[in-house]
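> Got a predicted model here, sequence first, then my questions.
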Amino acid sequence: MSETNGLMEKVVSLCKRRGFVFPGSEIYGGLANTWDLGPLGTELKNNIFQAWWKFFVQSRKDMMGIDPAILMNPKVWQASGHVDCFNDAQIDCKDCKKRFRADHLIEDALKDVKVEGLSLEDLKKLIDENNIRCPGCGAKNFTEVRKFNLLFQTSIGPTTANSEPVYLRGEIAQGMFVNFKNILNSSRKRVPFGIAAMGKAFRNEITPGNFIFRTLEFELMEFEYFIKEDQWEKQFDYWVKEMKKWLELIGIRKEKTRVREHTEDELSHYSKRTIDIEYETPFGWKELYGLAYRTDFDLKKHQEASGQDMSYLDPETNEKFIPHVLEPTFGLSRTILMVLLSAYDEEEVEDAKGNKEVRTVLRFKPNVAPYKAAILPLMKKPELLKKADAVFDVLKDEFALDFDITGSIGKRYRRQDEIGTPFAITVDFDTLEDQSVTVRDRDSMQQDRVKIAELKDYLKNRV
Ligand code: GAP
């Protein structure tokens, strides 16, 4: 399929049409850059999360999963540096009042210019010297470039006067750092070990956009892996490899990904080395995941600010030290988008009369597919519906299933192809006689006749 052929538009349209993603608060005209996951998007997200949890948490002896709170004591965000350093460079058009991220404005106007790590003054100079115009109104009348803090603020209690702001978490990581001692004391884990979590994160982005790629609230899965300092380079290489295995596990196209090293100037305030795993989207190479060596920055800062001891006592050597940290971070919302972009395919096929038509298929790996199989009674006859119900009951405890009785069988196959269901199971009149069903494979469109008694095993071997 030609990639330049409106792939993004096609995926966005399919997501709305089939119930993966809807615009947020749509009946009120929406709220910019907020999105709601529909029934299929919710299944897809849960499947990705469950696969992640299994791969990085449950199948490892050195990982513990937690579910920390979104609201935290504001001192956490002061100590972590987010109140002072979690900023983007903002610039406004004085004419049309539109707001932009200065680095994005430059990157969009001047291809191949490196903006990472440039000072606010240097960004403004680049904009002025290159005569960059406002994408909104075309004017060349910008404000100075200013810092804009990304943390969302709210307040607790009925009155806001004099109350200290509380922040919606900008990353999950801090919930793991503040629980470091709780985990050590309750689990008796020994370094090296990790703490993992997933959930919503919030960022007051200046220029969100590109569908669910950059939003104000998004889902994040990440873990903090606590190590001895001298192990960090070895561990860094190890986690890059594990992250690549994960991409393969969920069907992200390898040829669409690359690793990009952060330059010295670009590193976050807590990081000594960071790489991004980028994906080639229809709107350019973009960050999908990150891996950062956060040193002992966070635990040390929390020790200083809270007065609590954050050190670890090695029971074998009696050595006491503050562990260093590697942090692989996985945007779950972005994963949903990249899995969709990777899976989307169109192919020319012939219908029953020999006419050529385009078949749209989401070639999801079965582990992430919202439904593993669809049960399709051939016609709306009571005896077929009853038998289809019985087939549903045989499979429902082990497989997520769709049940579709509307439209011709051909249309129903196409609908299941479009939502990426690996198998379609047709219950027909012969089923009533031979206790067998027709199982159609989404990718090859091959059909097998399978005994209902053997259907569970048939699917188990394939999804
Ligand atoms: N704890 C480290 C951390 O938060 P980050 O690179 O700032 O690192 C982690 O963010 C991941 O979150 C990114 O790799 C990306 O996948 C995702 N992400 C960041 N901002 C986002 C946004 N506004 N909308 C959707 N996903 C976002």
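Received it, and whenever you're ready, just let me know what you need.
> Tell me how far the residue nearest to the spatial centre of the chain lies from Tyr289.
The chain has Leu332 as the residue nearest its centroid, 1.9 Å off, counting by Cα atoms, centre = their mean. The spacing between Leu332 and Tyr289, counted by Cβ to Cβ, to the nearest Å, is 10 Å. For glycine as for every other residue, the C-beta is placed from the backbone atoms N, C-alpha and C.
> got the residues of the stretch 251-400 of the chain near the ligand?
Contacts of the stretch 251-400 of the chain with the ligand, taken as Cβ under 6 Å from any ligand atom, map to 287-290, 327, 329, 331, 333-334.
> Grab the longest helix from the protein for me.
helix 232-249 (DSSP state H).
> if you average pLDDT over that one, what comes out?
In this model, helix 232-249 has a mean pLDDT of 98.
> what's whichever helix or strand comes after it in contact with?
Using DSSP states H and E, the helix or strand that follows helix 232-249 in sequence is strand 257-261. Residues from elsewhere that reach strand 257-261, judged by Cβ atoms under 8 Å, 6 or more residues apart in numbering: 240, 247, 273-280, 285, 288.
> just to revisit the earlier point, how about TSV for the residues of the stretch 251-400 of the chain next to the ligand, with secondary structure and neighbour count added?
Output for these, formatted as TSV (DSSP: H, G, I helix; E, B strand; the rest coil; neighbours: other Cβ atoms under 10 Å):
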residue	secondary structure	neighbour count
Glu287	strand	15
Leu288	strand	23
Tyr289	strand	24
Gly290	strand	21
Glu327	strand	22
Thr329	strand	21
Gly331	strand	23
Ser333	helix	22
Arg334	helix	23
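> From the contacts of strand 257-261, pick the one nearest the ligand.
For these, the residue nearest the ligand by Cβ to the nearest ligand atom is Leu288; the value is 5.8 Å.
> Wait, the closest one touches Ile277, no?
Yes - contact criterion Cβ atoms under 8 Å: Leu288 and Ile277 qualify, at 5.2 Å.
> With the flanking residues excluded, which residue is spatially nearest to Glu219?
Closest residue in space to Glu219, ignoring its immediate chain neighbours: Leu332 at 3.7 Å, by Cβ to Cβ, 6 or more residues apart in numbering.
> Give me the buried entries from the contacts of strand 257-261.
The neighbour count (16 or more other Cβ atoms under 10 Å) marks 247, 273-280, 288 as buried among the contacts of strand 257-261.
> Out of those residues, the closest to Leu220 would be?
Closest to Leu220 out of these is Leu288 (12.2 Å), distances taken as Cβ to Cβ.
> Okay, the residue of the stretch 351-463 of the chain found nearest the ligand and Leu40: tell me how far apart.
In the stretch 351-463 of the chain, the residue that lies nearest the ligand is Val368 (16.8 Å; Cβ to the nearest ligand atom). Distance of Val368 to Leu40, computed by Cβ to Cβ: 11 Å.
> quick one: low-confidence ranges for this protein?
In the predicted model of the chain, residues 1-4, 159-162 satisfy pLDDT under 70.
> By proximity to the ligand, which residue of it wins?
Across the chain, no residue is closer to the ligand than Gly331, which sits at 2.1 Å (Cβ to the nearest ligand atom).
> In contact with that residue: list those residues for me.
Here Gly331 is in contact with 218-220, 288-289 (Cβ under 8 Å, 6+ apart).
> who's it bridged to?
Leu220 (DSSP bridges).
> what's the answer for Gly290, then?
Bridge pairing for Gly290 - DSSP bridges - gives Asp276, Thr329.
> in stretch 23-36, what counts as buried?
Counting neighbours by 16+ other Cβ under 10 Å, stretch 23-36 gives 23-24, 33, 35 as buried.
> what do you get for stretch 75-86?
So stretch 75-86, judged by 16+ other Cβ under 10 Å, has buried residues 76-77, 79-80, 82-83, 86.
> which one of those sits closest to Asp397?
Nearest to Asp397 among the buried residues of stretch 75-86, with distances taken as Cβ to Cβ, is Val76, at 42.4 Å.
> Now do the contacts for the closest one.
So Val76 contacts 174, 178, 302 (Cβ under 8 Å, 6+ apart).
> and if we set it to 10 Å?
82-83, 167, 169, 174-175, 177-178, 298, 301-302, 305-306 (Cβ atoms under 10 Å, 6 or more residues apart in numbering).
> In PyMOL, how would I select just the buried ones from those?
With 16+ other Cβ under 10 Å as the criterion, this PyMOL line picks the buried residues out of the contacts of Val76:
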select buried, resi 82+83+167+169+174+175+177+178+298+301+302
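> circling back to that earlier point, can you give the distance of the longest helix of the chain from its chain's centre?
17 Å (Cα atoms, centre = their mean, to the nearest Å).
> Could you pull out the buried residues of it?
For helix 232-249, using 16+ other Cβ under 10 Å, the buried residues are 232, 235-236, 239, 243, 246-247, 249.
> same check, this time on stretch 356-373
Buried residues in stretch 356-373 (16+ other Cβ under 10 Å): 359-366, 368-373.
> again, but for stretch 35-45
35, 37-38, 40-41, 43-45.
> Mind listing residues that contact it?
With Cβ under 10 Å, 6+ apart, stretch 35-45 has contacts from 14-16, 18-26, 46, 211-212, 215-219, 332-333, 335-336, 339-340, 343, 362, 364, 368-371, 400, 402, 419-421.
> Between Leu332 and Tyr289, which contacts overlap?
Joint contacts of Leu332 and Tyr289 (Cβ under 10 Å, 6+ apart) are 221-222.
> returning to what we had before: in strands, which of the contacts of Val76 fall?
Tyr167 (DSSP state E).
> Name the nearest residue to Lys10, ignoring sequence neighbours.
Tyr344 (6.7 Å).
> Help me confirm that the one you found comes into contact with Val11.
Yes - between Tyr344 and Val11 there is a contact at 5.5 Å, judged by Cβ atoms under 10 Å.
> between those two, what contacts are shared?
The contact lists of Tyr344 and Val11 share Leu362, where a contact means Cβ under 10 Å, 6+ apart.
> Near the ligand, which residues of the stretch 101-250 of the chain are found?
171, 173, 203, 205, 214-215, 218, 220, 222.
> repeat that with 5 Å
171, 173, 203, 205, 214-215, 218 (Cβ under 5 Å from any ligand atom).
> those strands in the stretch 301-450 of the chain, which residues are they?
Using DSSP state E, counting those that start in this stretch, the strands of the stretch 301-450 of the chain run over 312-313, 320-321, 324-331, 344-350, 356-362, 373-377, 401-403, 423-427, 436-441, 447-451.
> circling back: any chance of the contacts of Gly331 in CSV, with distance to Asp428 too?
As requested, those are exported to CSV (distance: Cβ to Cβ, whole Å):
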residue, distance to Asp428
Phe218, 44
Glu219, 41
Leu220, 46
Leu288, 44
Tyr289, 46
